[in-house]
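S.K.: structure for the following, please:
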Amino acid sequence: MSPFFVMSLLFGLTFGRTASLCAPSEYTIHVEKRECAYCLAINTTICAGFCMTRDSNGKKLLLKSALSQNVCTYKEMLYQTALIPGCPHHTIPYYSYPVAVSCKCGKCNTDYSDCVRERVRTNYCTKPQKLCN
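M.R.: Next up, the predicted model:
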């Protein structure tokens, strides 16, 4: 093999692994309450991307806890609170949401993450929209 080919292969493997890591990504959440007049579009960051996993051939020999695969999840996050406009006085007009500061590949923590991908997910407003940054 030529040295150019070997260097290209090593560069591709190195760059391919770093490009596939998970990282904070911009995302818009649409929030509305039945009692409030408006829908709020909130710009935040979530963890998104790919994590290297391996599927074991010995699934029948391993415990179920050893079969969990890594997912792109929060390493560090903070919560922010937004005010939903147009809510009557008897309604709590606040909505708290996570903001990803940094991400990692690891086991999904059900304390703060939804670890199951839903089939149908709607992320739109049915009421007039207000934007919150």
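
S.K.: three-state assignment of the nearest residue to residue 71 once chain neighbours are set aside?
M.R.: Spatially, and ignoring its direct neighbours in sequence, residue 71 is nearest to residue 108 (4.9 Å; Cβ to Cβ, 6 or more residues apart in numbering). To be clear about C-beta, it is placed using only N, CA and C from the backbone, and glycine gets the same treatment. Under the three-state scheme (DSSP: H, G, I helix; E, B strand; the rest coil), residue 108 adopts coil.

S.K.: any idea how far residue 108 lies from residue 52?
M.R.: Using Cβ to Cβ, to the nearest Å, residue 108 is found at 16 Å from residue 52.

S.K.: before we move on, back to that, report how many residues lie close to the residue nearest to residue 71.
M.R.: 16 (other Cβ atoms under 10 Å).

S.K.: that one contacts residue 74, correct?
M.R.: No: at 10.1 Å, residue 108 does not count as touching residue 74 under the criterion of Cβ atoms under 8 Å.

S.K.: by mean pLDDT, point me to the weakest helix or strand of the chain.
M.R.: Across the helices and strands of the chain, mean pLDDT, DSSP states H and E gives its lowest value to helix 3-19, namely a mean of 50.

S.K.: tell me the first helix or strand C-terminal of it.
M.R.: Counting by DSSP states H and E, the next helix or strand C-terminal to helix 3-19 is strand 23-32.

S.K.: who does that next one touch, helix- and strand-wise?
M.R.: Using 3 or more Cβ pairs under 8 Å, 6 or more residues apart in numbering; DSSP states H and E as the contact criterion, the elements in contact with strand 23-32 are strand 39-48, strand 94-106.
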